[in-house]
Every structure is written in C-alpha cells, then in structure tokens.
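Asks: Provided below are the primary sequence and the corresponding predicted coordinates.
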Amino acid sequence: MSNVSSTRVAAIAVWALFAMFTFPGPAVAQDLADKPVTFSKDVAPIFQERCQECHHKGSIAPMSLVTYEETRPWAKSIRQRVIERQMPPWHIDKTVGIQKFKNDISLSDEQISTIVRWVDSGALAGNLKDMPAAKQWSDGNEWKGQKELGPPDLIVKSEPYTMPAKRQDLWWRPISNIPITEPRWLRAVEMRPGTLPGRKITHHAVTYLVQDDPDSLAPGTDPALNARAYLMEWAVGKGYDLHGPDAGKLLLPGSQISWDIHLHAVGEEIRDNVEIALWFYPKGQEPKHRTYLTGFQALRGFQTSKAAGGSRNVDIPPNSIASSDNYTVLQKAARLENFQPHMHLRGKAMTVEAILPDGIVQPISYVGRFNFNWMTNYIFDDNAAPVFPKGTVIHVTAVYDNTIANPNNPDPEQWVGFGDRTVDEMGHAWMNVTYLSDEEYNAWAANRKTQQTAAERR
Ligand code: HEC
C-alpha cells in the first residue's frame, strides 16, 4: 500500500460529502403546490436539450426518452440518475476547480429540480399541445464534434478485427496511412468504434502518430522511455479533443497512425474497426503552438524507465477503498486544455491539482462520481484553461472502490493490481498540454492581473 495517501483520501471524502449536500433539497418541495409540472410543458424541452441526442431510437442509450409513453416507465430511474448527476454523463464536481467548459452537457440545478418535481408529483403527461416540436436526429452515428466543428476534414479507419464470443482481452495493433500530401495542423480529433455493436467490445483505443519529427514529442521526454507521440486516446464514453485557439498537432505527409485497440469479448462474435476523425486548421493558418496529449500518472514509477527501477504500483485489497497518487513536474510553462480521468472498473474518483513553485496548491478538477462507462473529456473554456509557470507540479490522485457498493465491480473478493485488462487497474489523467515560453507566460500572468484588478474595482 505504498501509494496510499490518507490525507488525500480524507480530503476527497470531505469533498464527496460536501457534494452530497449540494443536491437540490428543500427548495424542491416549496412551489410544488401552485405549479403542476408536466412532461409536455416542462420536461420534454429539457430532455430535447440534454438527453435525446443519446436517448432516441437507434442511438447509443438503451431507451428512447422522446415521447411521454416511452419515458413514463423510466420516471423513477430518471429521478435517481439526474439527482446523482450520473445522467447526463458529466461527473465533474461543480464546487472544485475549473468550472467553464466548451462541451458542458450537465443539467442546471433548476432543470434537476423540475425533473424531480415532475416525478414526485406523479409524472403527469400534461397537454400534448404544449409539447415542443419534435427534434430531427441524424442517423445516430454523427461525430460528437460535428455540432461545434462541422463535418470532419478526414476520416481514417483501422483495419477491422473479428472478436470471438469468448476469449481473453486482446490488443489489436494495425497501422494506417494518413492520406495527406502537405503538412496540416490538427485542430480537433475524435475517435470511436465504427459501429454501435463495436462499442460493446472496444474498451479503449490509443492512436500514435508515426512520423519522422522529433518535435512531435513533448519537451523533456526521456529518450529511455522510447515514448511515441500520442495522437488521441479514446475510451468508453469519450468525445473529442479540441485544441486551444492557437494550438494544434502537426501532421506531415507520409505520416501514419499506429493503433492500439483494447478489445474484450462479450459473449457474441463482433467484427469492427475503430475510426478517427480529423479537423484541420485552414491551409495557411498555422497555430503558434504544438499541443501534446499527456497521461499524467496517479501511479508511481511511470516517469522512469523500467531499467531505472520504474514500476507501476497500485494495490487494492478485496472489499476496500484504496488510492494512489503521483507528481509530474512541468518542464516549461504550460496551459492545460482539458481533463479526462482514466481508470478501470474499480475507479471511483480522481483529483488533479497544481502545486505552484511558491508552494500554493491550486485545485484543477475533481471527478467524484467516476463511472467506468463514461470516460468523459472535460474541455476547459479558452478563458478558463489554467496556465502555470515552469516547475509547477501536477499532482494526480486516483481513488478505487473495490467494495460491493461499486455497481461496476465484477468481484469485490479479488485483490486488484496494475494491468491493462479491464479487470486490472490503472489511474491517470489525460490532458492536452500546450507549452509556452517564459515570456508568453509572463505576458499571460500580467494580463490576468490587470483583468483581476479591473474585476475587483467593479
Ligand atoms: C451522451 C449520451 C447520453 C446522454 C446525453 C444522456 N444519456 Fe442517459 N444513458 C446513456 C447510456 C449509453 C446509458 C446506458 C449506460 C449507462 O447506464 O451509463 C444511459 C442510461 C440512462 C438511464 C438508466 C437506464 C437504466 O437501465 O436504468 C437513465 C434513467 C438515463 N440514462 C436518463 C437520462 C436522462 C434523463 C438524460 C438527460 C437529462 C440522459 N440520460 C442523458 C446515454 C446518455
């Protein structure tokens, strides 16, 4: 249990408790009497805005929440999922760290309160005339980034693989060419299994960029680690990566994608590929910075090569809660673009905080209700993305729940350690890092100070 930090567990427990009390409480009941809440008038508009994208026929969710008849049987389950902020799948704590995102799909407290009042007052249909006009959904397989970015410029597919009904987890590693004839800067990327059935067997997929270009590795990367440049990481439930306004990844002609696709058998034979959508900056528009996808470890030993004694420690006894943490020093000033926690079935919570060179600890993000089905990517708003000076330490803590209270836990009697299989554990925070020069950092800090002073005067 070398990695367990008890103060950290305590701090997280306090956060979790605090979060419990931020659920809509007494206010819910107050105006119940004078305002009947109905599906047609009050609830359907919220579901259109926040649920139906996934909850319509043919999309990824198990049931449609479009008509009253389809929705009514789920009322109780809906109440619970929205109160616990499990649905929509946006599990980041609303009281800790950065709160402005480019892709926020969460419900407001008021929307939750409306849904709860609707269920508690009998889940009434109301007057059909009050229903908002039905929304048209595309084939259900539109790229998530499409709403914000339009259709992708290029889609590259991996070679497909046939996963038998029964077998151990496996890693499928084909290579694809990227058909470009001139250098292009990437603005956004999204990955996903090619088909809906494919989602069942695809645990995650990592893509590496294979090109002769030392600059595609982050500054300060230890050559002994034989690191490869990440293009993107996808795991169950993840959306897209969207880079900051002046940042991107450079693709060179002749470059290839090396896939690392983790498949697990689900009792039926499924053949599928994984595909990646690429959105480019317009030709001639070169972003000033490269951005580097980085897995900030919550396990010790990853930053040192195995030869130098690096090991990957996580130790989770049966029927217990455990945690692991680790520190990464930023070699240059940097802006963090997003946060996506990655853990396996025992994953419970993840904290990311920055320890500034002067010792001040600044919380970045806390996901207190991690759910293995949803590796949601929280993309910070341009104005909210945190910027840190060189030498800042990023501290990531992962908490694992190997008890029966964790609904995703296949067997709380098992000891769990590090490994790549879904039943093994790991913990890291995926973040796109855009490095800045010290001058750029100083200019940013001076600008922020002016803004803060102006805000204080107001
Ligand atoms: C990004 C896609 C997505 C969005 C948005 C979304 N859901 Fe879901 N929902 C799913 C998927 C997939 C599942 C099944 C997996 C799971 O339970 O996590 C699910 C499961 C559920 C369940 C549990 C069903 C059961 O088997 O008991 C409920 C209830 C639910 N969603 C309600 C909602 C409501 C209400 C909203 C909007 C306020 C919403 N969801 C938004 C994708 C989504």
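Replies: Looks like it arrived, so ask away. Residues are numbered from 1 along each chain as shown.

Asks: by mean pLDDT, point me to the weakest helix or strand of the protein.
Replies: Least confident helix or strand, the chain: helix 6-20 with a mean of 42, by mean pLDDT, DSSP states H and E.

Asks: is it true that T71 touches S40?
Replies: No: checked against Cβ atoms under 8 Å, the pair T71 and S40 is beyond contact range at 10.9 Å. All C-beta atoms are positioned from the backbone trio N, CA, C, and that covers glycine.

Asks: the more surrounded of these two?
Replies: T71 (22 against 17; other Cβ atoms under 10 Å).

Asks: can you give me the buried ones in the helix or strand hosting that one?
Replies: Assigned by DSSP states H and E, T71 belongs to helix 68-71. Neighbour-count burial for helix 68-71 flags Y68, T71 (criterion: 16 or more other Cβ atoms under 10 Å).

Asks: mind saving the C-alpha coords of that helix as PDB?
Replies: Provided in PDB are the C-alpha atoms of helix 68-71 (Å, rounded to 0.1, in the frame of the first residue of the first chain):
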ATOM      1  CA  TYR A  68     -44.400  10.500 -22.900                       C
ATOM      2  CA  GLU A  69     -45.200   6.800 -23.400                       C
ATOM      3  CA  GLU A  70     -41.600   5.900 -23.900                       C
ATOM      4  CA  THR A  71     -40.400   8.000 -20.900                       C
END
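
Asks: buried ones in the very next helix or strand once past that helix?
Replies: On the C-terminal side of helix 68-71, the closest following helix or strand by DSSP H and E is helix 75-83. For helix 75-83, burial by neighbour count (16+ other Cβ under 10 Å) applies to A75, I78, R79, R81, V82, I83.

Asks: V119: which element?
Replies: V119 belongs to helix 109-120 when assigned by DSSP H and E.

Asks: what packs against that helix?
Replies: helix 27-30, helix 44-50, helix 75-83 (3 or more Cβ pairs under 8 Å, 6 or more residues apart in numbering; DSSP states H and E).

Asks: may I see the ones you listed arranged in JSON lines, with distance to G58 and mean pLDDT as well?
Replies: Below are the helices and strands packed on helix 109-120 laid out as JSON lines (distance: least, Cβ to Cβ, whole Å; pLDDT from 0 to 100):
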{"stretch": "helix 27-30", "distance to G58": "34", "mean pLDDT": "50"}
{"stretch": "helix 44-50", "distance to G58": "17", "mean pLDDT": "96"}
{"stretch": "helix 75-83", "distance to G58": "20", "mean pLDDT": "97"}
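
Asks: quick one, which of those helices is nearest to S113?
Replies: Checking these against S113 by Cβ to Cβ gives helix 27-30 as the closest, at 5.3 Å.

Asks: which residues in the stretch 101-250 of the chain form strands?
Replies: Using DSSP state E, counting those that start in this stretch, the strands of the stretch 101-250 of the chain run over residues 154-157, 161-163, 170-172, 175-177, 184-193, 202-210, 229-235, 240-242, 247-251.

Asks: as JSON lines, the ones you listed with mean neighbour count would be great.
Replies: Formatted as JSON lines, those follow (neighbours: other Cβ atoms under 10 Å):
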{"stretch": "strand 154-157", "mean neighbour count": "15"}
{"stretch": "strand 161-163", "mean neighbour count": "18"}
{"stretch": "strand 170-172", "mean neighbour count": "16"}
{"stretch": "strand 175-177", "mean neighbour count": "14"}
{"stretch": "strand 184-193", "mean neighbour count": "23"}
{"stretch": "strand 202-210", "mean neighbour count": "23"}
{"stretch": "strand 229-235", "mean neighbour count": "24"}
{"stretch": "strand 240-242", "mean neighbour count": "25"}
{"stretch": "strand 247-251", "mean neighbour count": "23"}
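
Asks: nearest to G267, of those?
Replies: Across those, G267 has its closest neighbour in strand 161-163 (10.6 Å, Cβ to Cβ).

Asks: that closest one packs against which elements?
Replies: With contacts taken as 3+ Cβ pairs under 8 Å, 6+ apart, strand 161-163 sits against strand 256-263, strand 270-272.

Asks: who's in contact with the first one?
Replies: Right, strand 256-263. 156, 158, 161, 163, 169-178, 201-211, 228, 231, 274, 276, 420, 422 (Cβ atoms under 8 Å, 6 or more residues apart in numbering).

Asks: so who does T162 touch?
Replies: T162 is in contact with E269, I270, R271, counting by Cβ under 8 Å, 6+ apart.

Asks: can you redo those residues as JSON lines with distance to the ligand, pLDDT and neighbour count?
Replies: Formatted as JSON lines, those follow (distance: Cβ to the nearest ligand atom, whole Å; pLDDT from 0 to 100; neighbours: other Cβ atoms under 10 Å):
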{"residue": "E269", "distance to the ligand": "22", "pLDDT": "95", "neighbour count": "13"}
{"residue": "I270", "distance to the ligand": "17", "pLDDT": "94", "neighbour count": "21"}
{"residue": "R271", "distance to the ligand": "22", "pLDDT": "94", "neighbour count": "13"}
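
Asks: tell me which of the residues you listed is nearest to W444?
Replies: Within the contacts of T162, the smallest distance to W444 is 47.7 Å, found for I270 (Cβ to Cβ).

Asks: quick check: the gap between that closest one and R167.
Replies: According to Cβ to Cβ, to the nearest Å, I270 and R167 sit 12 Å apart.

Asks: is stretch 114-124 anywhere near the ligand?
Replies: No: figure legend: stretch 114-124 not in contact with the ligand (Cβ under 6 Å from any ligand atom); closest approach 6.9 Å.

Asks: what does stretch 234-252 give?
Replies: No: counting by Cβ under 6 Å from any ligand atom, the ligand has no neighbours in stretch 234-252; the shortest distance is 7.3 Å.

Asks: try stretch 126-135
Replies: No: using Cβ under 6 Å from any ligand atom, stretch 126-135 never reaches the ligand; the gap is at least 13.0 Å.

Asks: that stretch spans what distance, first to last residue?
Replies: End-to-end span of stretch 126-135 (Cα to Cα, to the nearest Å): 19 Å.

Asks: give me the residue from the stretch 301-450 of the chain nearest the ligand.
Replies: Nearest residue of the stretch 301-450 of the chain to the ligand: N373, at 4.3 Å (Cβ to the nearest ligand atom).

Asks: you'd agree that residue is up against V236?
Replies: Yes: the pair N373 / V236 is scored as a contact, 5.7 Å apart, by Cβ under 8 Å.

Asks: what's the helix or strand for V423?
Replies: Applying DSSP H and E, one finds V423 in no helix or strand.

Asks: can you say which of the helices and strands packed on strand 161-163 is packed in most?
Replies: Neighbour counts (mean count of other Cβ atoms under 10 Å) averaged over each of the helices and strands packed on strand 161-163 peak at strand 256-263, with a mean of 20.

Asks: okay, now the sheet partners of it, with direction.
Replies: Sheet pairing of strand 256-263 (DSSP bridges) gives strand 170-172 (antiparallel), strand 175-177 (antiparallel), strand 202-210 (antiparallel).
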